[in-house]
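K.L.:
Got a predicted structure plus its sequence, pasted below:
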Amino acid sequence: MTAQNLMNPNPVTLRLTDTVAAAGEHIIKEHLRHIPVVDDQGRYVGTFSIYSLLQLALPKAVTMKEGLSNAGFVNEQNAELAQRLRERGNEPVSQWLSKDPVIHPNSSAMDAVLLLLKGHVSVPVVDKANQRLVGMISSWNVIEKLITENN
């Protein structure tokens, strides 16, 4: 079995110029944690995640590289966090991408599952020749495939 057997061939994607607000709407509507981002040719360039949204909502002192290790004393309300996130809503997602490990359609399905087990919530499936995104594999895709196999 290959990665192609496990992948969702039609994942929700974002473009580099899509805004943080638009990405947030997709994340809420589709119940996603990660959305692959592609360029104008459909090449995978990175992933925008729900964790980026959380980072944008928090005060800078909490999220800086050498920031706080304990933020219990920060006494902000939901409205303040929401306002901070709204203020960043027009920024392009390109500023907040992570570069996740990729797998290729003919890669072993076991390699894909191993990446998922190593803590990656989803794995981009990228065509080796042209770097175009051809699908995504999530833990849900794998479990669904296994549970519905031969049923």
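P.N.:
The structure has been received and is ready for your questions.
K.L.:
most centrally placed residue in this protein?
P.N.:
Closest to where the C-alpha atoms of the chain average out (C-alpha atoms, centre = their mean) is residue 34, at 2.0 Å.
K.L.:
my guess is that one contacts residue 47, does it?
P.N.:
Yes - contact criterion C-beta atoms under 8 Å: residue 34 and residue 47 qualify, at 4.9 Å. No exception for glycine: its C-beta is placed from N, CA and C like everyone else's.
K.L.:
list residues touching both of the two?
P.N.:
Common neighbours of residue 34 and residue 47, using C-beta atoms under 8 Å, 6 or more residues apart in numbering, are 100, 122.
K.L.:
Touching stretch 125-145 from outside, list them.
P.N.:
Taking C-beta under 8 Å, 6+ apart as the rule, stretch 125-145 contacts 3-11, 13, 34, 36, 38, 41-44, 102-105, 112-113, 116, 121-124.
K.L.:
can you pull out the strands in this structure?
P.N.:
Listed in chain order, the strands of the chain (DSSP state E) span 14-15, 34-38, 44-49, 122-126, 133-138.
K.L.:
Low-confidence stretches in the protein?
P.N.:
Counting by pLDDT under 70, the chain contains low-confidence residues at 61-76, 120, 150-151.
K.L.:
how about the helices of it, start to end?
P.N.:
Remark: helices assigned in the chain by DSSP state H are 3-6, 20-30, 50-57, 60-63, 78-87, 109-117, 139-148.
K.L.:
what comes into contact with the longest one?
P.N.:
With contacts defined as C-beta under 8 Å, 6+ apart, helix 20-30 is touched by 12, 14, 32-33, 35, 48, 50, 52-53, 56, 85-86, 88-93, 96.
K.L.:
Got a quick PyMOL command for the buried subset of the residues you listed?
P.N.:
This is the PyMOL syntax for the buried subset of those, where burial follows 16 or more other C-beta atoms under 10 Å:
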select buried, resi 14+32+35+48+50+52+53+56+85+88+92+93+96
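K.L.:
related to what we said a few turns ago, could I get the strands of the chain as TSV with distance to residue 147?
P.N.:
Listed next are those as TSV, based on distance: least, C-beta to C-beta, whole Å:
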stretch	distance to residue 147
strand 14-15	29
strand 34-38	22
strand 44-49	26
strand 122-126	18
strand 133-138	14
